[in-house]
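Build me a structure from this.
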Amino acid sequence: MTRALRSVASAVLIVLACILVPVSVLTVWVHDIVLDTDRYVATMKPLANDPAIEAAAEKRIVHAVDVRVDGKEITAEIAAWLQSQGLPPRAAKAVKGLAPQLDSAVNSAAEKVANRFVESDRFEKVWVTANRAAHTAVVHALTGKGRGAVGVSEGTVTLDVGEAVEQVKKDLVDAGLEPAAKIPDVNKKMVLFQSEELKRVQGAAHALDVLGNWLPIFTVVLAAGGVLLAHRRRRALAKTALGAAFACLVVAIVLVIARRYYLDHLPPQVQSKDAAAAIFDILVRFLRVALRTAIVLGIVIALGAYFIGPGRLPRATRSTAERGADSAAGWWGGHGIDTGPVGTWTEAHRKWLTLGALLIVALLFALWNHPTVLTVLLLVLILLAVLAVIALLAADGRRRARPAGTSGGAAAGTPGGV
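Next up is the predicted model:
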């Protein structure tokens, strides 16, 4: 393969890899997080105590258990009976005038019972049970197959709060409001969100779900191929990492814009803008974390590629680190501490030990279940600690190998054995 052809192939592979990194993040979110029942339920559970969700659920439950008591009819019947028992007409008319107060009292009772229920632990249990039972429907909401407590139809996603309504009806009856027992079946669905673009999102989500776990692996292979084909692999690695980080940053910005646009264009069917915002935020929380993690990881890799390069700052940094390691080895050597053959062997195999440490850390990151920014920083600290130990052992090996009376350290341009 000619030099020009290799350069073109490398550039194409690197660009494709950078574009596919945020797509891979979306794939993991859809396939591994949304499809994980326990993780989904754990994600949705805090919403049961969210004030916006409580207010929306209370409003919907009160509406669903609307006690259909005709105040005028009841007061008229009471007035007629009292009048038949000798009550003066004027007093009977006053009884009829109590109809609005009766309606208000009934509504107030329903609101109080609903409020107590929503703020109790029972609502959290109902919420968790409904979400767990409806998990399959929630997952397939992105593919247009809603069923169970969660329904998807014509771009609208709803949650059936039927169990909560039935419990509130029982509480009303127990509180002495007998007409609540005769509440007819009504629409008990709470609209979670609605969007005309849901069908398009469903198509994209279905494609991501089909790709499953293979897209991230394919993306890594493309990136590795692009770096290996490049003539300046260190620079290619840095550009790939920064390009992937930038692509994830773009997606994160688009997510912020999409959230604002969605909340600014909520249809009338959505009962609460705050509740819609809470649900949107909780559903994409892990997606945001994954995007931030990918951005930080890209920056860390780019910095690592830079500091093993021939630049003035990398050379000065490595030289300072080597002199520090040599000083530490000289100090403990002067106090009778000797690493023996371990230091000599480490100095002789330092390059391979460093590469091994890098591969092990990379493997730990790949096997980490849902890594975060803290995961990346923790692994970086572990890697730096391991490299420091290797540098100290290698420095003692160099000290033991030097003839007595000589001194010195690694040359300024020594890339730390890498």
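
where exactly do the helices run in the stretch 251-400 of the chain?
Using DSSP state H, counting those that start in this stretch, the helices of the stretch 251-400 of the chain run over 273-283, 285-307, 312-334, 341-348, 350-367, 373-401.

of all the ones you listed, which lies closest to R233?
Proximity to R233 (C-beta to C-beta) singles out helix 285-307 among these, at 9.0 Å. The way it works is simple: take the backbone N, C-alpha and C, and place the C-beta from them, glycine included.

Show the average pLDDT along the closest one.
The average pLDDT within helix 285-307 is 91.

Can I get it in CSV? Just the C-alpha atoms.
Output of helix 285-307 as CSV, limited to C-alpha atoms (Å, rounded to 0.1, in the frame of the first residue of the first chain):
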residue,chain,number,x,y,z
ARG,A,285,-29.2,10.8,33.0
PHE,A,286,-27.0,7.8,32.2
LEU,A,287,-26.7,8.9,28.6
ARG,A,288,-25.4,12.2,29.8
VAL,A,289,-23.0,10.5,32.1
ALA,A,290,-21.8,8.2,29.3
LEU,A,291,-21.2,11.2,27.0
ARG,A,292,-19.2,13.1,29.7
THR,A,293,-17.2,10.0,30.4
ALA,A,294,-16.3,9.6,26.7
ILE,A,295,-15.3,13.3,26.5
VAL,A,296,-13.0,13.0,29.6
LEU,A,297,-11.6,9.7,28.3
GLY,A,298,-10.8,11.2,25.0
ILE,A,299,-9.0,14.2,26.6
VAL,A,300,-7.0,11.9,28.9
ILE,A,301,-5.9,9.7,25.9
ALA,A,302,-4.9,12.8,23.9
LEU,A,303,-2.9,14.1,26.9
GLY,A,304,-1.2,10.8,27.3
ALA,A,305,-0.3,10.7,23.6
TYR,A,306,1.1,14.2,23.9
PHE,A,307,3.2,13.6,26.9
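
tell me which residues of it are tucked away?
Within helix 285-307, the residues that count as buried by 16 or more other C-beta atoms under 10 Å are 286-287, 289-298, 300-302, 304-307.

Could you list the low-confidence segments of the stretch 51-200 of the chain?
For the stretch 51-200 of the chain, the stretches with pLDDT under 70 are 60-88, 90-111, 114, 132-169, 171-173, 175-200.

how close does K170 sit to V113?
In this view, K170 and V113 are 10 Å apart by C-beta to C-beta, to the nearest Å.

do the same with F365
For F365, the distance to V113 - C-beta to C-beta - is 52 Å.
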